[in-house]
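>>> Predicted model, plus sequence, below.
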Amino acid sequence: MDLTLKVWRQKDAKSKGHFETYKVNNISPDSSFLEMMDILNEQLINECKEPVAINKGCRGGVVGLDGTTHSGPVAFDHDCREGICGMCSLYIDGRAHGPDNDITTCQLHMRKFKDGDTITIEPWRSKGFPVIKDLVVDRGAFDKILQAGGFISVNTGGVPDANAIPIKKENADESMDAAACVGCGACVATCKNGSAMLFVAARVSSLALLPQGKIEGAKRAKAMVAKMDELGFGSCTNTRACEMECPKGIKVSHIARLNREFLSAKLKD
Amino acid sequence: MTKLISHVPDGPLQQKWTEHKSHIKVVSPANKRKLEIIVIGTGLGGASAAASLGELGYNVKVFCISDSPRRAHSIAAQGGINAAKNYQNDNDSVYRLFYDTIKGGDYRSREANVYRLAEVSNNIIDQCVAQGVPFARDYGGLLDNRSFGGAQVSRTFYARGQTGQQLLLGAYAALNRQIAKGSVKSYPRHEMLDLVMINGEAKGIIARNLVTGKIERHGAHAVVLASGGYGNTYFLSTNAMNSNGSAVWQCYKKGAFFANPCFAQIHPTCIPVHGDQQSKLTLMSESLRNDGRIWVPKKKEDVEKLRKGTIKGSQIPEQDRDYYLERRYPAFGNLVPRDVASRAAKERCDAGYGVNNTGKAVFLDFQSAIERLGKDKITEKYGNLFQMYQKITDVDPYKEPMMIYPAIHYTMGGIWVDYNLQTTIPGLYAIGEANFSDHGGNRLGASALMQGLADGYFILPYTIGDYLAGKIQEPKTDINNPAFEEAEKNIQERINKVFSIKGTKSVDTFHKQLGHIMWEYVGMARNEEGLKKAIEEIKALKEEFWKDVFVPGENNEFNQELEKAVRVADFMEIGELMTRDALNRKESCGGHFREEMQTEEGETKRDDDNYMYVSAWEYKGDSQEPELHKEPLKFEFAKVATRNYKD
């Protein structure tokens, strides 16, 4: 397959970004989207080796093979490449994780595109996730939200036997559904309000469904929501866009459970 | 002379750990507050250690290369975690888990460490449940188990096909709680580039801030290495793209011995290579072998038709299928250990029975399981794995058998540690996949998660106290000490050198070439001639790298090519040491298969008289060959025998 790529380039958090257009050829439909990005980068690195490029440090003015200038290899986050680490985060043709359902970007394969397509690739765009470089964003806010209460307060050791408290299979299963969240941020990126409600709800709900987590349930919901607001994420207006784009199929019903926990906490205030 | 003192306590196997921990020193709460510990890595080992040490009151700094501790590659572990709970009443016990692990490792692991691992396995499950890990349960509300390779009992706890994720999120939550309390400080997007030693003891690290490129100094009273394995030496592996051996390698170069480097695990059930554009390989969990049956056609004409695409696997009738694992190993069948299953797949493919167009694939079939249990039950057990397979291959595994082939997955070798998990450098500890101690020549499925958490939650927090008790008078490490200055200068020079080459080839080009050499000569089958050739080829590649690599950009920015360059430079050296170790070990054991040493049936042939030892390599400088030290392995309690999975 031969493709045209329009890729967002941004030197660092402070600089203004812009799109650059590249061509990549002979892409196998069996390749993953990120393997296609590897090929693009290999090509861009090769072009950096032209003498003019080296003089300029291969930034902001490399002459590409087609005579246009580019900014060297594209920075993008990726790691496990099997859809579980949550590191990859591309906005492809206007969709978080691209044109397929229930996947992360690394699970997207080129057979979803056609020969000759033009593909637009952008970073997550949200106030809560400032751009670090090109397609890489800072999702440190998610860590901070979880640090506010996304845990059960137990130390290592001194806990009861694992089978001491039976848990209904249905509850354990639903808890697992919510716990499948990989923390990629697609929900925030796709939400018109930039809300992190689905992310917060997944953790709150997963723990609230278990007897061990229920104890701190209300406190947890209040603390995490407060932190989310503090970090500049928007409010939830029930558009359910997050549910549509969640690579792990996490349902908005967990937001309902979060609201229940949150309200019961507020009522006690 | 050898400096290897294992510090394994005397006494009966069952009493060693209990006795040992009762007698080692502890640090009072007031003194813990004065002590600093650096933890490198936030996988199951690093996250659980950092959280537990923080809970105890130490000042912990934890470093990871990703944007969040939760991304560590432990997250990708699918199948499960072993524990000797005996909840299934199938006569499991601590001893049986210990014995299976020793036997699975082909008698090349340290007996006392393995027993302790089995002993604390039960505490891990309790701990994880208390943290809110949603393990699979039965209708009565109690925990469910599944079976894994190399065991005849069901002792594997699981959370669908994403157990590693759930256990890591548990440890990460515990870590977050400590970060919020201020006892742990987290440094995401930071990479350790060197270990700093003062008076022969580990006192800190040099790290690079991956966002700004700033080279930073961090001091401590002790350093814990939990940076995982070095499987990416092979370029194509099931490891995450950023998993690397550099932290471990820098410690080796500072004097920590590297043990059994040649022991790399090749996992039998991975999705086959699709072509030259491939960047990594995807594992299909071993848990699938609970219900999936592995086969190739009996007839060559069926193989031909499969390769041409004129028939599909599902169209080949039962009587024309060779379920070769069930045929060769009736007692364990499809659940033989990984090394055995991988070699058997290679044997069939080498004999010309590979089922895809490259000839390097076998079938993993769920047809009979779906008939027996129904599609819904299979979805419940393996749904996410089936989805993953379909997304990658575009084939529906509910209808057609999966195609799988072995791939590099895990490294049993690692930094040598004593019973206290301390390396040959005082104050430097290594836990999880980064150390060597528990898995011998082959790791059993669902044991990596067990080891990472055992080390981090229940072993290191005790044993490190024994060392730190001697440091309570010692002030905070001064990062202006000349040792830090020198280490920082060396790193800066190394980075400058990488940029200054301005050659013609990208970093990936070298990494791929290294991968080809490693897979060809240091892969599933190894021989003297090939290994010697590999050493020469790696040396030549290394030379070429330092003359002809091209790294664009600058140091003082987010620069992924620079990150890769530094790692690949180390991978080449790691590859050379792996090859050297494989050449030295003229026996076959576990995942290390020397073609010269096999039985008539093609099984591994150990040489217990000459090789019942841990090989521990000491760095002697770039221009000199490393020195081999040997830690003899004594089996006082487990009976050493030939591994038999046939009857």
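Thanks, I have it. Please read all numbers here as calculations on a predicted model, not as lab measurements. Numbers count the residues shown, from 1 in each chain, chains lettered A, B, ... in the order given.
>>> Next, name the residue at the spatial heart of chain A.
For chain A, the residue nearest the mean C-alpha position is A:C184 (2.6 Å; C-alpha atoms, centre = their mean).
>>> My guess is it contacts A:I84. True?
No. Applying C-beta atoms under 8 Å as the test, A:C184 and A:I84 come out as separate, 10.1 Å apart. (Glycine included, C-beta is placed from N, CA and C.)
>>> when you scan stretch A:27-38, is anything in it near chain B?
Yes. Using C-beta under 8 Å from any C-beta of the partner chain, stretch A:27-38 comes into contact with chain B via A:I27, A:S28, A:D30, A:S31, A:S32, A:L34, A:E35, A:M36, A:D38.
>>> Helix or strand for the residue in the stretch 151-300 of chain B positioned nearest to chain A, just tell me which one.
Of all residues in the stretch 151-300 of chain B, B:A173 sits closest to chain A, at 3.7 Å by C-beta to the nearest C-beta. For B:A173, the host element (DSSP states H and E) is helix B:163-181.
>>> Give me the next element, helix or strand, following that helix.
strand B:184-187.
>>> list the helices and strands that next one packs on?
The helices and strands touching strand B:184-187, judged by 3 or more C-beta pairs under 8 Å, 6 or more residues apart in numbering or on different chains; DSSP states H and E, are helix B:44-56, strand B:59-63, helix B:163-181.
>>> The longest one to strand B:59-63, inter-axis angle?
To tie it back to what came earlier, the one meant is helix B:163-181. Helix B:163-181 runs at 130 degrees relative to strand B:59-63, counting by axes from the mean of the first three to the mean of the last three C-alpha atoms, to 10 degrees.
>>> Packing partners of helix B:163-181?
In terms of contacts (3+ C-beta pairs under 8 Å, 6+ apart), helix B:163-181 is packed against helix A:140-147, helix A:169-179, helix B:44-56, helix B:111-131, strand B:184-187, helix B:448-453.
>>> Which one of these lies nearest to B:E474?
Proximity to B:E474 (C-beta to C-beta) singles out helix B:44-56 among those, at 17.2 Å.
>>> just checking, what packs against that closest one?
Going by 3+ C-beta pairs under 8 Å, 6+ apart, helix B:44-56 lies up against strand B:36-40, strand B:59-63, helix B:163-181, strand B:184-187, strand B:222-225, helix B:448-453, helix B:460-468.
>>> so how many other residues sit close to the residue of the stretch 151-300 of chain B closest to chain A?
Here the number of neighbours of B:A173 (other C-beta atoms under 10 Å in any protein chain shown) works out to 25.
>>> what's the closest non-adjacent residue to it?
Distances taken as C-beta to C-beta, 6 or more residues apart in numbering or on different chains put A:F151 closest to B:A173, at 3.7 Å, once the chain neighbours are dropped.
>>> try B:L143
In this structure, B:L143 finds its nearest non-sequential neighbour in B:F135, 5.4 Å apart by C-beta to C-beta, 6+ apart.
>>> now the one you found, what's its secondary structure?
Per DSSP: H, G, I helix; E, B strand; the rest coil, the secondary structure class of B:F135 is coil.
>>> which SS class is the closest residue to chain B within the stretch 101-250 of chain A?
The nearest approach of the stretch 101-250 of chain A to chain B comes at A:P166, 2.8 Å away (C-beta to the nearest C-beta). Here A:P166 is recorded as coil under three-state DSSP.
>>> Please name the residues that touch it.
Contact analysis of A:P166 by C-beta atoms under 8 Å, 6 or more residues apart in numbering or on different chains lists B:R137, B:G140, B:G141, B:L142.
>>> Just the buried residues of these.
By neighbour count, with 16 or more other C-beta atoms under 10 Å in any protein chain shown, those hold B:R137 as buried.
>>> Can you name the two of the contacts of A:P166 that sit furthest apart?
Taking C-beta to C-beta, no two of these sit farther apart than B:R137 and B:G140, at 8.1 Å.
>>> Verify the stated contact: A:M228 with A:K144.
No. With contacts counted by C-beta under 8 Å, A:M228 stays clear of A:K144, the gap being 9.2 Å.
>>> Who has more neighbours out of these two?
The residue with more neighbours, out of A:M228 and A:K144, is A:M228; 25 against 17, by other C-beta under 10 Å.
>>> How about the helix or strand that one falls within, which residues are buried there?
Using DSSP H and E, A:M228 sits within helix A:217-230. Going by neighbour count (16+ other C-beta under 10 Å), the buried part of helix A:217-230 is A:G217, A:A218, A:R220, A:A221, A:K222, A:A223, A:M224, A:V225, A:K227, A:M228.
>>> Number of residues surrounding residue 183?
With no chain named, the answer covers chain A. By other C-beta under 10 Å, 24 other residues sit near A:G183.
>>> My question was about chain B, not that one.
20.
>>> so what's the residue nearest to it when sequence neighbours are not counted up against?
Leaving aside its chain neighbours, B:S183 sits nearest to B:G54 (3.8 Å; criterion: C-beta to C-beta, 6+ apart). Applying C-beta under 8 Å, 6+ apart, we find B:G54 in contact with B:V60, B:L175, B:Q178, B:I179, B:K181, B:S183, B:V184.
>>> If we use 10 Å, what do you get?
Remark: with contacts taken as C-beta atoms under 10 Å, 6 or more residues apart in numbering or on different chains, B:G54 is in contact with A:155-156, B:37, B:39, B:60, B:62, B:174-175, B:177-179, B:181-185, B:461.
>>> B:Y187 too?
With contacts defined as C-beta under 10 Å, 6+ apart, B:Y187 is in contact with B:38-40, B:42, B:61-65, B:69, B:207, B:209, B:216, B:218.
>>> picking that back up, among the residues of stretch A:27-38 next to chain B, who's most crowded?
Neighbour counts for these (other C-beta under 10 Å) peak at A:S32, which has 26 neighbours.
>>> So that residue is in contact with B:S279, correct?
Yes. The pair A:S32 / B:S279 is scored as a contact, 7.3 Å apart, by C-beta atoms under 10 Å.
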